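Chemist: A structural model of the following input is requested.
(one chain, ligands or ions: 1)
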Amino acid sequence: MAASPLKNTVFIKMKIFTDPKQIQQYVLAQRAAGKTIALIPTMGYLHRGHATLMEQARPTAEIVIVSIFVNPLQFGPREDLDIYPRDFEGDCRTCEQAGVDIIFSPRMSDIYPAGFQTEVSVAEITRGLCGAHRPGHFNGVTTVVAKLFNLTLPHKAFFGEKDYQQLATIRQMVNDLNFPIEIIGVPIVREADGLAMSSRNTYLSPSQRKAALSLSRGLFRAREAFKQGERQSSILQQTVRNTIQADADRSCQLEYLAVCDPETLVEIEQIEKVAVIALAARVGKTRLIDNILLP
Ligand code: PAF
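Modeler: Have a look, this model is predicted:
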């Protein structure tokens, strides 16, 4: 990745760190001075969903850090690492407007120097859903998030619920490895027409974007059916499927659709109290995910 001219710039209030050792020393000193730190890990190309994470974090901590790092470890060989959208200057503006104190934007060689050989792997919870279709993805996520936690030493970290399995996996990791960090999940932010916000939405052509709306529409219809008393997963799934298949040009191809326990992500047949309906679909070459929590 080309070095951005903004790196090491000091905004009026916001600091930009690229060096892992420097940010670690800085946060150690801040913690020693009794400051609370919140982290929002991101891969950049920030949208309103990310801005919402920042808004939620701002009142909860004296120092809000946004990390921006497109993590190669979580992309498969045939995935979109090379074309993943980037806009460092726009991201800096979004962060500054949201009152962020620090951007941490490390170089790849600082995060994964030659000889790097450690991986953090969470077992059960990463097997199904996205994990079944993206081998190695969650190991990449947990490895980089563990590193970001160690480098920024936050008291709390904010993650979007759109990446529901990621959030559940990080909670599991934090629990299993005793990170003294509170993990806060923030509800999905949607466009006015229902599409869940994602940096990958930028790949969609106007007609694909229109077709992609059937995903959230299907989930909303299933939620309606749940509200009317339907508790059988197969029927709720069929509601989602029917909505997606009713779309005229059929350009959404479901990769998976599952009704799961929201904590363990184990699939359930009959909903007792709560559930998450999660899906992934391909729209053209773009892979989108979405979910809805019931009730
Ligand atoms: O959700 C993301 O943007 C990424 O998976 C994360 C958590 C920043 C790790 O690279």
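Chemist: Kindly report the residues of the chain close to the ligand.
Modeler: Contact residues (CB under 6 Å from any ligand atom) of the chain with the ligand: 41, 42, 43, 71, 74, 141, 144, 145, 163, 166. Every residue, glycine included, has its C-beta placed from N, CA and C.
Chemist: Helix, strand, or coil at the closest residue to residue 19 other than its chain neighbours?
Modeler: Spatial nearest neighbour of residue 19, excluding adjacent residues (CB to CB, 6 or more residues apart in numbering): residue 110 at 6.8 Å. At residue 110, secondary structure determined by DSSP: H, G, I helix; E, B strand; the rest coil is helix.
Chemist: what's near enough to touch residue 110?
Modeler: Counting by CB atoms under 8 Å, 6 or more residues apart in numbering, residue 110 touches 18, 19, 20.
Chemist: burial of the first one, as a residue count?
Modeler: Spelled out, it's residue 18. Neighbour count of residue 18, defined by other CB atoms under 10 Å: 16.
Chemist: quick one on the thing from earlier: filter the contacts of residue 110 down to just the ones in helices.
Modeler: residue 20 (DSSP state H).
Chemist: my read: residue 246 touches residue 214, true?
Modeler: Yes. Counting by CB atoms under 8 Å, residue 214 is a contact partner of residue 246 at 7.3 Å.
Chemist: between the two, who's got more neighbours?
Modeler: residue 214 (24 against 11).
Chemist: Report pLDDT for the spatially closest residue to that one that is not a sequence neighbour.
Modeler: Distances taken as CB to CB, 6+ apart place residue 247 nearest to residue 214, at 4.3 Å, with adjacent residues excluded. For residue 247, the model assigns a pLDDT of 80.
Chemist: And residue 9, by the same measure?
Modeler: 58.
Chemist: What segments of this protein are strands?
Modeler: Remark: strands assigned in the chain by DSSP state E are 15-17, 37-42, 63-68, 102-104, 156-160, 182-186, 252-260, 275-283, 286-294.
Chemist: Turn those into TSV, including mean neighbour count and mean pLDDT.
Modeler: Below are the strands of the chain laid out as TSV (neighbours: other CB atoms under 10 Å; pLDDT from 0 to 100):
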stretch	mean neighbour count	mean pLDDT
strand 15-17	20	97
strand 37-42	26	99
strand 63-68	26	98
strand 102-104	25	98
strand 156-160	23	98
strand 182-186	17	98
strand 252-260	19	97
strand 275-283	22	98
strand 286-294	21	98
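Chemist: Having no further points to raise, I will conclude here.
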